[in-house]
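Novice: pasting the sequence and the predicted coordinates here, then a few questions.
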Amino acid sequence: MAGSAWLGFQQSTADHTLFVKKTSSSFTALLLYVDDVLLTGNDITEIVSVKQSFHAQFRIKDIGEAKCFLGLEIVRSTTGIVLNQRKYTLELISDSGLLGCKPASTPMDHSHKLGVSTGKPLDDIGSYRRLIGRLLYLTTTRPDIAFVVNQLSQFLSSPTDLHEAATHRVLRYLKGTPGCGLFYPATSSTTLTAFSDSDWAGCVDTRKSITGYCVFLGSALISWKSKKQTTTSRSSCEAEYRAMAATVCEIQWLNYLLRDLEVFHSTPVSMYCDNQSAMHIAHNPSYHERTKHIELDCHIVREKLQQGLIHLLPVSSSLQIADILTKPLTPAPFHSIYSKLGMHNIHSPV
């Protein structure tokens, strides 16, 4: 099917698992992962026709309205859709023997900085690796644990007892919110908004900075990342500028993807940053001492700003939503940001 126009579908250049079909009266989208297919559109007759054509070729099993896809649970209401992984989360907690534990208020202790040499080496590193792998998949619908899971995944080669204790802290946090997931309201706008942040020299071992960003479509969170930067930054300004570059690349990709889905943006994407110096570098086209050592690809921020893809806006550090993706937070700011991520807990704790 890839590269062809089978049944009139065209493969998206932004996401090769996405195929779209457009006619004068209908729009149909098909998401394909190995032998799992998710089909949606605005014309039920067209959807039925596509399913019949699939069945004639491959004898598919039609399970009807989507309630689960690749482990993601889809819960509908008149107000919108919630994507969560409640069953997956409960199985994860149960397999770890923590189903009866006391819930934690945050996924990570803000007073601890984990490093490679902290703690005693584990005898069984396989169980730690398997647990981190399962937690990584859980971040598909849980941006609130993205930072800590990214941190813990950096110790896979030589985990210690303190790293294991930190993973148990994550599980105790999940125990309190097993049904938490992302809410996509039915009446949301299609305007993109982004928040970009960094924690300068946040890695205690390499002194590299942490990039964090989140992108909203209307009020719905559709993209986020927490990742250690590949290059050591000489200042917090440089670290923020690198984080902005990563955010801009994500915005550009999302624009391509939304275009395939017939969602077009005529206005620049508002991108919020809490570092005035980094914003000044982006606006200043001159070549000077503070930027000559920064790789040229980082200046995509300035290029896309001039092209009108983004519009940089300042935001107070206390209102920086991407802060939850760059560092461990105390309960008060953590839950303040958590409430702004558009996450709903549709089930009470077990």
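Specialist: Done, it's in. Numbers count the residues shown, from 1 in each chain.
Novice: and the pLDDT at M279?
Specialist: pLDDT, M279: 92.
Novice: if I pick it, what's in contact with it?
Specialist: C273, L312, P314 (CB atoms under 8 Å, 6 or more residues apart in numbering). Where you see a C-beta, it was placed from the backbone N, CA and C, and this is true even at glycine.
Novice: kindly report the same for H335.
Specialist: Neighbours of H335 in contact, by CB under 8 Å, 6+ apart: S105.
Novice: and it, what element?
Specialist: helix 331-338 (DSSP states H and E).
Novice: pLDDT of the next helix or strand after that helix, averaged?
Specialist: Counting by DSSP H and E, the next helix or strand C-terminal to helix 331-338 is strand 343-345. On average, the pLDDT along strand 343-345 is 88.
Novice: likewise stretch 38-48?
Specialist: On average, the pLDDT along stretch 38-48 is 92.
Novice: need the contacts of M279 in a markdown table (columns: pLDDT and distance to I47).
Specialist: Formatted as a markdown table, those follow (pLDDT from 0 to 100; distance: CB to CB, whole Å):
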| residue | pLDDT | distance to I47 |
| --- | --- | --- |
| C273 | 97 | 42 |
| L312 | 96 | 41 |
| P314 | 97 | 45 |
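Novice: now the buried members of the residues you listed.
Specialist: Buried residues within these, counting neighbours by 16 or more other CB atoms under 10 Å: C273, L312.
Novice: just give me the closest of the contacts of M279 to I346.
Specialist: C273 (33.1 Å; CB to CB).
Novice: not counting sequence-adjacent ones, nearest residue to the closest one?
Specialist: If you skip the residues right next to it in sequence, C273 has S196 as its closest partner in space, 5.2 Å away by CB to CB, 6 or more residues apart in numbering.
Novice: how far away is that neighbour from F334?
Specialist: Distance of S196 to F334, computed by CB to CB, to the nearest Å: 19 Å.
Novice: more neighbours: which of these two?
Specialist: S196 (34 against 20; other CB atoms under 10 Å).
Novice: secondary structure of that one: a helix, I assume?
Specialist: No: S196: not assigned to a helix; according to DSSP: H, G, I helix; E, B strand; the rest coil it is strand.
Novice: partners of it in the sheet?
Specialist: On the basis of DSSP bridges, S196 is bridged to Y213, C273.
Novice: quick check: it touching V269?
Specialist: No: counting by CB atoms under 8 Å, S196 stays clear of V269, with 11.2 Å between them.
Novice: any idea how many residues pack against the spatially closest residue to E295 that is not a sequence neighbour?
Specialist: Closest residue to E295 apart from its sequence neighbours, by CB to CB, 6+ apart: T231 at 7.3 Å. For T231, the count of nearby residues is 14 (other CB under 10 Å).
Novice: what's near enough to touch T231?
Specialist: With CB under 8 Å, 6+ apart, T231 has these contacts: K208, R242, E295.
Novice: want to throw the residues you listed into TSV with distance to S235 and pLDDT?
Specialist: Below are the contacts of T231 laid out as TSV (distance: CB to CB, whole Å; pLDDT from 0 to 100):
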residue	distance to S235	pLDDT
K208	13	96
R242	11	94
E295	15	74
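Novice: so which of the residues you listed is the most crowded?
Specialist: The member of those that has the most neighbours, counting by other CB under 10 Å, is R242 with 24 neighbours.
Novice: what separation do you get for it and W200?
Specialist: From R242 to W200 the distance is 10 Å (CB to CB).
Novice: which residues of the stretch 1-150 of the chain score low on pLDDT?
Specialist: Scanning the stretch 1-150 of the chain with the threshold set as pLDDT under 70 gives 1-5.
Novice: so the protein: which segments form each domain?
Specialist: Annotated domains of the chain cover 6-64, 83-179, 188-315 [automatic domain parsing].
Novice: export those domains as JSON lines, with columns for distance to T330.
Specialist: Shown next, in JSON lines, are those (distance: least, CB to CB, whole Å):
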{"stretch": "domain 6-64", "distance to T330": "37"}
{"stretch": "domain 83-179", "distance to T330": "5"}
{"stretch": "domain 188-315", "distance to T330": "15"}
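Novice: out of those, which comes closest to N345?
Specialist: domain 83-179 (5.2 Å).
Novice: could I get the full set of helices for the chain?
Specialist: 44-58, 86-95, 125-138, 146-152, 161-176, 236-260, 276-283, 300-307, 331-338 (DSSP state H).
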